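[1] Next input, structure requested:
(one chain, ligands or ions: 1)
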Amino acid sequence: MISTQTKESIDLSKFPVDKIRNFSIIAHIDHGKSTLADRLLEMTGAIAKTDKNKQVLDKLQVERERGITVKAQTASLFYSHHGQQYLLNLIDTPGHVDFSYEVSRSISACQGVLLIVDANQGIQAQTVANFYLAFEAQLAIIPVINKIDLRNADPERVESQIEKVFDIPREECIRISAKLGTNVETVLKAVVDRIPPPLACPNDPFKALVFDSCFDHYRGVVTNVALFGGQVKKGDRIVSAHHSKTYEVNELGLLRPDEHPTQRLYAGQVGYIIAGMKDVKEAQIGDTLHLQDQPVEALPGFKPAKAMVFAGMYPMDQSEYPGLRSAIERLTLNDSSVTVQRDSSLALGAGWRLGFLGLLHMEVFNQRLEQEHNASVIVTAPTVPYKAILSSAKLIKSRRAVQKNMVYIDDQRVMMKYLFPLNEIVVDFYDQLKSLSSGYASFDYENAGYQTAELIKMDILLNGNPVEELATVVHRNRAYSTGKSMCERLKDTIPRQMFEIAVQAAIGSKIIARETIKAYRKNVLAKCYGGDITRKMKLLKKQAEGKKKMRLIGRVEVPKDAFINVLKRKDK
Ligand SMILES: Nc1nc2c(ncn2[C@@H]2O[C@H](COP(=O)(O)OP(=O)(O)OP(=O)(O)O)[C@@H](O)[C@H]2O)c(=O)[nH]1
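    Here you go, the predicted structure:
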C-alpha cells in the first residue's frame, strides 16, 4: 500500500529504528537509476505524478544538460507495508566512473542497495565496480533488471550473468520497467523485506555521520547526516569531532527531496542539519557530530579521494581573482574530491592547480563554476601525476597496456583487466573505446601505483614563446605524433590575427612540429555600407566582447577553450 503524507504532519518519533530502511540505487551509467528514483518518489507521494518528472534528484543544471548524475541526492519516502508505516531513505548515486567516490560515500549511510542492470545491455564495467563497493561494505544487494519493456530486452540472459558473476540466485532478481512503472511496487516491498534496519541505538548519545554537504548562499552550510545514535533537535549545541568547534542547530529535517523541517531527528534516520557553519571548510565529509556535553567515539570517516587528473585554472582577468577564489571554495565544499593548490603562471597570472578524479569530473566542475557561480575561467591541458627521478638512472622500457586477466560473462561479453599508463586513459580513451565498440564496451579503473617509463617534456611555442600551460609529458615514442596533432589543433583553435603566428612543438631546443597561422584582419564593419552608426557600434561592441574570451600570450590572442581542447580528439 502506498501512502502520501503532507508536509506538516511528519512526526519522526513514529519511526523507530526497525521501521527505517536506508538504501542506495547503484548501476552502470544510463541503466535507469534516476528514472527508478522518480517512480519511487511518485509512488510514495514525495512528488506529484506527472509526465514532467524526469530525474527529479538530478538537481544541478549540468546534470540535466548532460543527462548524468554527478552529485548524490537524498529523498525520504513514506511507505505502508504489512499494515505498518516505514520510512525509506533513498540516496541516489552517480554512475560515471569519475564519480565512484560519491558512490562509496552514499553507501556508507546505507544498509542495502538496489543494483540496477539494463535488461538489454546486461552487466557493464560500473555494474561490477559498484557491486563490489556494496559487497565489501556488507550491504544487502537486491538485483533489479530494468527496461524489460524494450523490444530486445533479454532478462533471462541478464539473470544468468548476475548468477554467474555475482553469485546471486536468479530468483532474487526483480524485473521492472522504471519508465512505465511496471513492477516497481515489488521493489519497494523488497526494500522493506530484504534490507535490514540501520544499526543505531536510540538510547545512545547523539552521534551522526556527515556524508554530504552543500552550500546555501543565505543559510550557510547544509550538512546531510545519518544518525547512528540518539536524537537531535533545534537549539541543541553540537560539536564536530574533526575540529572540535561547537555550533547551535538552527534547522533540521528530512529531504523529500526538498528540505522539509521537522522537530527532531532520531537514531537510524537520514536528514539535514543547518548549524551556522559559515566557512566552507567546516563541514568535513566523513566527520562525526555529537552533543556538546556528550562526546562519542568518532566514526571511521572516509578515505580521501585520490586525484588522478590535474589542470591549472586561471581567471580570465586578474581582477576576477577574488570572485573566482570564493566560487572554487564554495564548489569544492559540494565536491570534496577536488584538490586545490595555489599556482601562478607568467602568461595567465595567479590561479590554482586543481586535481580531479577524471576528465569528465574536470569538465563538470568547470561547467558548474560557470553556471552556478557565473565565473569565467581558463582551464589548462590536463596532466596526470608522475614521479621523476632526476639522476640519470638506467631507464626501463615503458610498459604499454599489459593484460592481467580475462573472464567470459556469457557467450557475448567478456571482462578484461589491463594495466595501463594513466596518461593513456585520462583524455579520450573512454570516448574512443565507446566509438570503436559502437557503444557496447564499458570501462572502469583503479589506481595501480607508479611504474617507470621513458617520458619527456614537450613544449608548445607561440611565435617562439613557450606556453607553460600547454607543456605536456609524453612517452618518447608518441612525441612526434602528439606534437604534430597539438600544433594542428591549435591552428584550428586560434583565430587568425593581424600578424603571422608560428605554432611549434619542441623537445628541449629541438623543434619537432610546426604549423603557421596566416595573418588576417577581421573587419566586422565590412558589410555595413553607409551610415547606420548604432549598428556599427553594436558590431564593434560584440567584437570587443568576443575578445574578452581570449587570452593574450605574448602578442597572440588564444581562446580560453584552447587549453583543454588541444588534447582531445579531432572529431570532438
Ligand atoms: N525503455 C526504457 N527506458 C528507460 C527505462 N528506465 C530508464 N530508461 C531510459 O534510460 C535512459 C537513462 O536513464 P536514467 O534514469 O537517466 O539513467 P541513470 O542510470 O540515472 O543515469 P546516470 O545518472 O547518468 O548514471 C533515459 O533515457 C531513460 O528514459 C525503462 O524502464 N525502459
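
[2] Just the C-alpha atoms of whatever helix or strand Leu227 lives in, please, in CSV.
    Following DSSP states H and E, one finds Leu227 within strand 220-229. Below are the C-alpha coordinates for strand 220-229, written out as CSV (Å, rounded to 0.1, in the frame of the first residue of the first chain):
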residue,chain,number,x,y,z
GLY,A,220,25.4,28.7,5.1
VAL,A,221,26.4,25.1,5.1
VAL,A,222,23.7,22.4,4.9
THR,A,223,25.0,19.0,6.1
ASN,A,224,23.4,15.7,5.1
VAL,A,225,23.7,13.4,8.1
ALA,A,226,22.9,9.8,9.1
LEU,A,227,22.1,9.3,12.8
PHE,A,228,24.0,6.4,14.3
GLY,A,229,22.6,7.1,17.8
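
[3] Where do the strands of the stretch 151-300 of the chain begin and end?
    174-175, 207-216, 220-229, 231-233, 237-240, 246-248, 251-255, 259-261, 264-266, 270-274, 288-291 (DSSP state E, counting those that start in this stretch).

[4] Would you mind listing the outside residues contacting the last one?
    Translated: strand 288-291. Applying CB atoms under 8 Å, 6 or more residues apart in numbering, the external contacts of strand 288-291 come out as 205-210, 223, 225, 230, 232, 236-242, 273, 296, 298-299, 301. All C-beta spots, glycine's among them, are computed from the backbone N, C-alpha and C.

[5] Now the element after that strand, going C-ward?
    Once the chain leaves strand 288-291, the following helix or strand, as judged by DSSP H and E, is strand 309-315.

[6] So which elements touch the next helix or strand after that next one?
    Remark: after strand 309-315, the chain's next helix or strand is helix 321-334, criterion DSSP H and E. On a contact count with 3 or more CB pairs under 8 Å, 6 or more residues apart in numbering; DSSP states H and E, helix 321-334 meets strand 207-216, strand 309-315, strand 349-356, helix 359-373.

[7] Residue numbers of the stretch 151-300 of the chain in contact with the ligand?
    The stretch 151-300 of the chain comes close to the ligand at residues Ser177, Ala178, Lys179, as judged by CB under 6 Å from any ligand atom.

[8] avg pLDDT for the strand holding Leu227?
    Computed over strand 220-229, the mean pLDDT rounds to 89.

[9] follow-up on the earlier one: looking at the residues of the stretch 151-300 of the chain next to the ligand, which is nearest Ile123?
    Distance ranking of those against Ile123, using CB to CB, places Ala178 first at 17.7 Å.

[10] any idea how far that closest one lies from Asp212?
    Using CB to CB, to the nearest Å, Ala178 is found at 24 Å from Asp212.

[11] likewise Ser160?
    Going from Ser160 to Asp212 by CB to CB gives 36 Å.

[12] When these two are compared, which one has more neighbours?
    The neighbour comparison of Ser160 against Asp212 (other CB atoms under 10 Å) goes to Asp212, with 25 against 15.

[13] Surely that one is in contact with Val221?
    No: taking contacts as CB atoms under 8 Å, Asp212 lies outside contact range of Val221: 11.0 Å.

[14] Please check the contacts of strand 288-291 and keep the buried ones.
    206-210, 223, 225, 230, 232, 236, 238-242, 273, 296, 298-299, 301 (16 or more other CB atoms under 10 Å).

[15] so how many other residues sit close to the closest residue to the ligand within the stretch 151-300 of the chain?
    The nearest approach of the stretch 151-300 of the chain to the ligand comes at Lys179, 3.3 Å away (CB to the nearest ligand atom). Lys179 has 16 neighbouring residues, counting by other CB under 10 Å.

[16] need the contact list for it.
    With CB under 8 Å, 6+ apart, Lys179 has these contacts: Gly32, Thr35, Lys147, Asp149.

[17] go on, Pro196?
    Neighbouring residues of Pro196 by CB under 8 Å, 6+ apart: Gln111, Gly112, Ala140.

[18] Among these, which are located in strands?
    Cross-referencing these against strands under DSSP state E gives Gly112, Ala140.

[19] any chance of the contacts of Pro196 in JSON lines, plus pLDDT, distance to the ligand and neighbour count?
    Putting these into JSON lines (pLDDT from 0 to 100; distance: CB to the nearest ligand atom, whole Å; neighbours: other CB atoms under 10 Å) gives the following:
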{"residue": "Gln111", "pLDDT": "93", "distance to the ligand": "22", "neighbour count": "20"}
{"residue": "Gly112", "pLDDT": "95", "distance to the ligand": "18", "neighbour count": "20"}
{"residue": "Ala140", "pLDDT": "96", "distance to the ligand": "20", "neighbour count": "17"}
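
[20] which one of the contacts of Pro196 sits closest to Met362?
    Nearest to Met362, judged by CB to CB, of those is Gly112 at 32.5 Å.

[21] Got the confidence number for the closest residue to Gln84 other than its chain neighbours?
    Nearest in space to Gln84, with sequence neighbours left out and distances taken as CB to CB, 6 or more residues apart in numbering, is Lys19 at 6.5 Å. We have a pLDDT of 93 for Lys19.

[22] Same question for Pro202.
    Pro202 carries a pLDDT score of 89 in this model.

[23] list the contacts for it?
    Neighbouring residues of Pro202 by CB under 8 Å, 6+ apart: Pro16, Val17, Gly229, Gly230, Gln231, Tyr266, Ala267, Gly268.

[24] My understanding was that the last one contacts Ala208; is that so?
    Meaning Gly268. No: using CB under 8 Å, Gly268 is not in contact with Ala208, being 11.0 Å away.

[25] what sits in contact with each of these two?
    By the contact definition CB under 8 Å, 6+ apart, Gly268 and Ala208 are jointly contacted by Leu227.

[26] what's the next secondary structure element after the lowest-mean-pLDDT helix or strand in the chain?
    The weakest-scoring helix or strand in the chain, judged by mean pLDDT, DSSP states H and E, is helix 61-66 (a mean of 55). Next along the chain after helix 61-66, taking DSSP H and E as the criterion, comes strand 74-81.

[27] so where is the stretch 51-200 of the chain shaky, pLDDT-wise?
    Where the stretch 51-200 of the chain drops to pLDDT under 70, the residues are 51-72, 92-105.

[28] 50 instead?
    Scanning the stretch 51-200 of the chain for pLDDT under 50 picks out 68, 70.

[29] how about the helices in it?
    61-66, 100-107, 125-136, 155-166, 184-194 (DSSP state H, counting those that start in this stretch).

[30] Pick the most deeply packed of those.
    The highest mean neighbour count among the helices of the stretch 51-200 of the chain, using mean count of other CB atoms under 10 Å, belongs to helix 100-107: a mean of 23.

[31] The closest residue to Gly323 other than its chain neighbours: how many residues sit nearby?
    Leaving aside its chain neighbours, Gly323 sits nearest to Ala375 (6.5 Å; criterion: CB to CB, 6+ apart). Residues near Ala375, counting by other CB under 10 Å, number 21.
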